[in-house]
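Visitor: Using only what follows, build the 3D model:
(one chain, ligands or ions: 1)
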Amino acid sequence: MTLPDPAARAEIVVDLGAIRRNVRRLRELVSDGPGPGPALMIVVKADAYGHGMVEVARAARQAGAEWLGVATADEALALREAGDTGRILCWLAAPGEDHRATVAADVDTTAYSVTQLDEILEAARTLGRAARVQLKVDTGLSRGGAPRDQWVALFEAARKAEVAGDATVTGVWSHFACSDEPDHPANDAQETAFREALVLAADAGLDPEVRHLSNSAGALLRPSARFDLVRFGLAAYGLSPAPEVVTSEQLGLEPAMTVRARTVMVKDLAPGAGVSYGHTFVADRPMHVALVPMGYGDGIPLHASSRAEVQIGEQRCPVLGRICMDQFVVDAPGSRAGDDVVVFGPGRDGEPTAQDWAEWCGTISYEIVTRIGGRQRRVWVDSDGPTGEAGA
Ligand SMILES: *Cc1c(COP(=O)(O)O)cnc(C)c1O
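Guide: Modelled structure (predicted):
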């Protein structure tokens, strides 16, 4: 494990202990009834929302995640290559994609259509084994998944493949459009449509291992939509999927990512000095400013220009003027070159959070953490201790 380097120019520090605690906390939050509660899928697509796919996947498994979810076959195969032997679902393939590698690796592959199912079955027949297939129905997101008028055809084709020994249908699932707005009427409509799809699947003779509809917000805010499994992405990273409804702190979750750097230079500005490209900020008084060595080339959004703040010591330091490709300037009275800067973190010591950055930039915390990267080193720490097994 690479250790955080206090002298590093800039780095992304991911606490795997926080990931484990979040996964266990999420299980608690969705297992409030009698019985074992739904299975947990931790979604680690897009390099685990910028946190590091293989490292996060391992921590999630240690904390008991039964499933991992990814978008692409490449992501699923990278998890297998890293030694993961558990259940993995992927859900985004292009027409004509070769499914042999995922079928051979015992990855569950999602079919959106009969055509796509046929492509998966072709791989299964070539390999002489049954493919694990999940069927996705569009219940109102109007994105991936079979439209309603194709549900029955998809279910019947999948059942036929099961009988022929080419497939095991392991899941039927769908995805919410508005789960972060619990009162939005689309949620009721989608859950109703999903229940209708499940009846049609059963009518076609399917009896999948898992039926699932909810992402983080659905799982947390809509108990009726938990079914057999819930898919947690953002919440596992410690961020609230519905910040207008509930904060991550109220949920008992810990943001796992800290982005930190060291200032490379400080200087004093006279009143009237313009700062950064376009001089969109002009000093209205004598100012002491510091240069932070990160920019949009590292995923710091340009939209944060003159809006965001960072933490230097005990002090909140506003960004002055435009964020550049590699650097930005902050108002930092009394600071010195080489001072530690926290761009965002869990928020426990007064530093801004990814959610704060999202609000400053008019976006969602998903985008803030996922696009962070570029030239920054990423290091993984473990607040559970060096073995990472504590309490797992
Ligand atoms: C990304 C994704 C998720 C995870 O969503 P969160 O809101 O981050 O929990 C779940 N399901 C599907 C299909 C996804 O694409």
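Visitor: Residue in this protein with the shortest distance to the ligand?
Guide: G233 (2.4 Å; Cβ to the nearest ligand atom). C-beta coordinates here come from the backbone N, C-alpha and C atoms, glycine included.
Visitor: list the contacts for that residue?
Guide: Applying Cβ atoms under 8 Å, 6 or more residues apart in numbering, we find G233 in contact with 42-43, 45, 49, 69, 215-216, 241, 366.
Visitor: The helix or strand hosting T168 pairs with which strands?
Guide: Assigned by DSSP states H and E, T168 falls within strand 167-173. Partners of strand 167-173 in the sheet, by DSSP bridges, are strand 131-136 (parallel), strand 210-212 (parallel).
Visitor: So is the shortest one next to the ligand?
Guide: No. Using Cβ under 6 Å from any ligand atom, we find that strand 210-212 stays clear of the ligand, coming within 8.5 Å at best.
Visitor: Toward the C-terminus from that strand, list the very next helix or strand.
Guide: As assigned by DSSP H and E, the chain's next helix or strand after strand 210-212 is helix 216-221.
Visitor: The first one too?
Guide: Scanning forward in sequence from strand 131-136 by DSSP H and E, the next helix or strand is helix 151-164.
Visitor: correct me, but A242 touches D180?
Guide: Yes. At 3.9 Å, A242 counts as touching D180 under the criterion of Cβ atoms under 8 Å.
Visitor: Name the residues contacting each of the two.
Guide: Contacts common to A242 and D180, judged by Cβ under 8 Å, 6+ apart, are 217, 221.
Visitor: who has more neighbours, those two?
Guide: Set side by side, A242 and D180 show more neighbours around D180, with 23 against 19, by other Cβ atoms under 10 Å.
Visitor: The more buried one: what secondary structure?
Guide: At D180 the chain is in coil, as set by DSSP: H, G, I helix; E, B strand; the rest coil.
Visitor: measure it to H279 for me?
Guide: 38 Å (Cβ to Cβ, to the nearest Å).
Visitor: same deal with G374?
Guide: The gap separating G374 from H279 is 26 Å, by Cβ to Cβ.
Visitor: Look at these two and report which has more neighbours.
Guide: G374 (16 against 11).
Visitor: what sits against the more buried one?
Guide: 297-299.
Visitor: Pull the number of nearby residues for G165.
Guide: When counting by other Cβ under 10 Å, one arrives at 12 neighbours for G165.
Visitor: Quick check: the gap between it and R129.
Guide: Relative to R129, G165 is positioned 9 Å away (Cβ to Cβ).
Visitor: quick one: secondary structure of V330?
Guide: Applying three-state DSSP: V330 is strand.
Visitor: quick one: it and P318 touch, right?
Guide: Yes. Taking contacts as Cβ under 8 Å, V330 lies within contact range of P318: 6.4 Å.
Visitor: Which one of those two is surrounded by more residues?
Guide: The neighbour count for V330 versus P318, taken as other Cβ under 10 Å, is higher for V330 (26 against 14).
Visitor: where does the more buried one sit relative to M294, distance-wise?
Guide: Look at V330 and M294: by Cβ to Cβ, they are 11 Å apart.
Visitor: next one: E191
Guide: Distance of E191 to M294, computed by Cβ to Cβ: 42 Å.
Visitor: neighbour count winner among these two?
Guide: Taking other Cβ under 10 Å, E191 and M294 do not tie; M294 has more neighbours (27 against 21).
Visitor: tell me which element the more buried one falls in.
Guide: For M294, there is no helix or strand it lies in under DSSP H and E.
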